[in-house]
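Colleague: next comes the sequence, and after it the predicted model I'd like to discuss.
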Amino acid sequence: MPMRPTLIALPAALLISSCGSNSELPPMVGSGASDNPRADALFAQAQTAEQNGKTKKAIGLYDELADEIPFASKAGEARFRQAQLLEQSGETLKAFDAYQDLLSQKQGSGLYKKALDRQTSLAFAAADGDIKNSFLGLRSSLSTDKVVGMLTDLAGNAPRSPLAARASFKIGDIYASQGEPSKAISAYRSVVVNYPSSPEAPEAQFRVGEILLKEAEEGNQDQANLARAKESFEDYLSQFPGHKRNGEARQLISSIGGRDIQNTYDIASFYEKKGNITSAKFYYQEVVRRAKSGELHDKAQARLNALN
């Protein structure tokens, strides 16, 4: 009976040698930071370039070290210094991304907090439109998408912290200022849902009601938005009793009720003019039932009497 060939496990060393030189292998995960002659040389060259005023060259050398030798002991410091130089050069987005690389790859680094602090300053400055153009030295605004992306990354770096609540709230502010109510409402609601105990949560819930009320006003007293605005203010009062805008919310709820009744009267009047007496009487009756007293109540009752 012919013998089957036996599979023999090759020694690990032989497998490694078959892949080429050690320099061609990816760094081993979990090996930790280590000394590396090439990394040390690149760092020294970058520092020399920096001291000689060759900022662009220094940035390139720091970037090369951090990209190509990420496990070297100097890699984190190189990335941080690259980000600092980019920030000083007015390259806001590139600086933010460099800090982001450090935060993603060097979570145990002693530079983590410093990088997060600088990211925070850059993102909120961008959100406030306080960014300097790198060429003209003048203020300019980044696009909404880019600023929102920065704030989103910032929240992701500290997902359960007060910073995340602030960043999410600021996203709502940006969308509200840009005339994108649906996106603003979504951002504000995310603050209330994800960070209900944060200082931003009450104001976020209140602003949802404000936006819906504004939408109703601009949409010819849209009934659905009025109802949603009222519900949002009622949720605000229920979830955050004692907040500084409670009184304002109660006044707005009262005014919404009045607008809602006026809208109902207008609908009744519309149907009366169209000759649809049955529908007109139904809406006039709704005004009488809900207004209880006052000018609209009396006007609706008069029209009912006339139609009857």
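Modeller: Structure's in. What do you need? Numbers count the residues shown, from 1 in each chain.

Colleague: pLDDT weak spots in this protein?
Modeller: Residues of the chain meeting the criterion pLDDT under 70: 1-34, 130-141, 219-222.

Colleague: all strands of it, in order?
Modeller: Assignment of strands within the chain using DSSP state E yields the ranges 131-132, 139-140.

Colleague: show me where the chain has helices.
Modeller: With helices called from DSSP state H, the chain shows them at 12-17, 37-51, 55-68, 75-88, 92-105, 112-127, 144-157, 162-177, 181-194, 200-218, 223-239, 246-274, 277-291, 295-307.

Colleague: okay if I get these as JSON lines plus mean neighbour count?
Modeller: The way it works is simple: take the backbone N, C-alpha and C, and place the C-beta from them, glycine included. As requested, these are exported to JSON lines (neighbours: other C-beta atoms under 10 Å):
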{"stretch": "helix 12-17", "mean neighbour count": "10"}
{"stretch": "helix 37-51", "mean neighbour count": "16"}
{"stretch": "helix 55-68", "mean neighbour count": "20"}
{"stretch": "helix 75-88", "mean neighbour count": "22"}
{"stretch": "helix 92-105", "mean neighbour count": "20"}
{"stretch": "helix 112-127", "mean neighbour count": "19"}
{"stretch": "helix 144-157", "mean neighbour count": "19"}
{"stretch": "helix 162-177", "mean neighbour count": "21"}
{"stretch": "helix 181-194", "mean neighbour count": "19"}
{"stretch": "helix 200-218", "mean neighbour count": "21"}
{"stretch": "helix 223-239", "mean neighbour count": "19"}
{"stretch": "helix 246-274", "mean neighbour count": "16"}
{"stretch": "helix 277-291", "mean neighbour count": "17"}
{"stretch": "helix 295-307", "mean neighbour count": "15"}
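
Colleague: from residue 257, how far out is the nearest residue to residue 69 once chain neighbours are set aside?
Modeller: Ranked by C-beta to C-beta, 6 or more residues apart in numbering and with sequence neighbours excluded, the top spatial neighbour of residue 69 is residue 39, at 4.5 Å. In this view, residue 39 and residue 257 are 69 Å apart by C-beta to C-beta, to the nearest Å.

Colleague: could you do residue 74 as well?
Modeller: The gap separating residue 74 from residue 257 is 67 Å, by C-beta to C-beta.

Colleague: same question for residue 80.
Modeller: 57 Å.

Colleague: one more: residue 162?
Modeller: Distance, residue 162 to residue 257, using C-beta to C-beta: 36 Å.

Colleague: what of residue 41?
Modeller: 75 Å.

Colleague: near residue 89, how many other residues are there?
Modeller: Using other C-beta atoms under 10 Å, residue 89 has 14 neighbouring residues.

Colleague: correct me if wrong: it contacts residue 55.
Modeller: Yes: counting by C-beta atoms under 8 Å, residue 55 is a contact partner of residue 89 at 6.2 Å.

Colleague: got a list of contacts for stretch 210-225?
Modeller: 176, 181, 184-185, 188, 226, 228-229, 232, 252, 256, 259-260, 262-263, 266 (C-beta atoms under 8 Å, 6 or more residues apart in numbering).

Colleague: sorry, wrong one. I was asking about stretch 48-60.
Modeller: Against stretch 48-60 from outside (C-beta under 8 Å, 6+ apart): 46, 47, 61, 81, 82, 85, 86, 88, 89.

Colleague: one more: stretch 142-150?
Modeller: For stretch 142-150, contacts defined as C-beta under 8 Å, 6+ apart pick out 92-93, 96, 119, 122-123, 126-127, 131, 171, 174-175, 178.

Colleague: now for these, which pair is the farthest apart?
Modeller: Of all pairs drawn from these, the greatest distance, 22.4 Å, lies between 119 and 178 (C-beta to C-beta).

Colleague: was I right about residue 185 contacting residue 209?
Modeller: No: under the criterion of C-beta under 8 Å, residue 185 is not in contact with residue 209, lying 9.8 Å apart.

Colleague: give the contact list for residue 88.
Modeller: Neighbour list for residue 88: residue 55 [criterion: C-beta under 8 Å, 6+ apart].

Colleague: if I look at it, how far off is residue 82?
Modeller: 11 Å.

Colleague: likewise for residue 122?
Modeller: For residue 122 relative to residue 82 (C-beta to C-beta), the value is 14 Å.

Colleague: try residue 115
Modeller: 11 Å.

Colleague: check residue 55 too.
Modeller: Residue 55 is 10 Å from residue 82, by C-beta to C-beta.

Colleague: just to revisit the earlier point, out of the contacts of stretch 48-60, which one sits closest to residue 278?
Modeller: Nearest member of the contacts of stretch 48-60 to residue 278, counting by C-beta to C-beta, is residue 86, at 71.2 Å.

Colleague: and the closest residue to the closest one other than its chain neighbours, what is it in contact with?
Modeller: Leaving aside its chain neighbours, residue 86 sits nearest to residue 95 (3.8 Å; criterion: C-beta to C-beta, 6+ apart). Applying C-beta under 8 Å, 6+ apart to residue 95 gives the contacts 83, 84, 86, 87, 118, 122.
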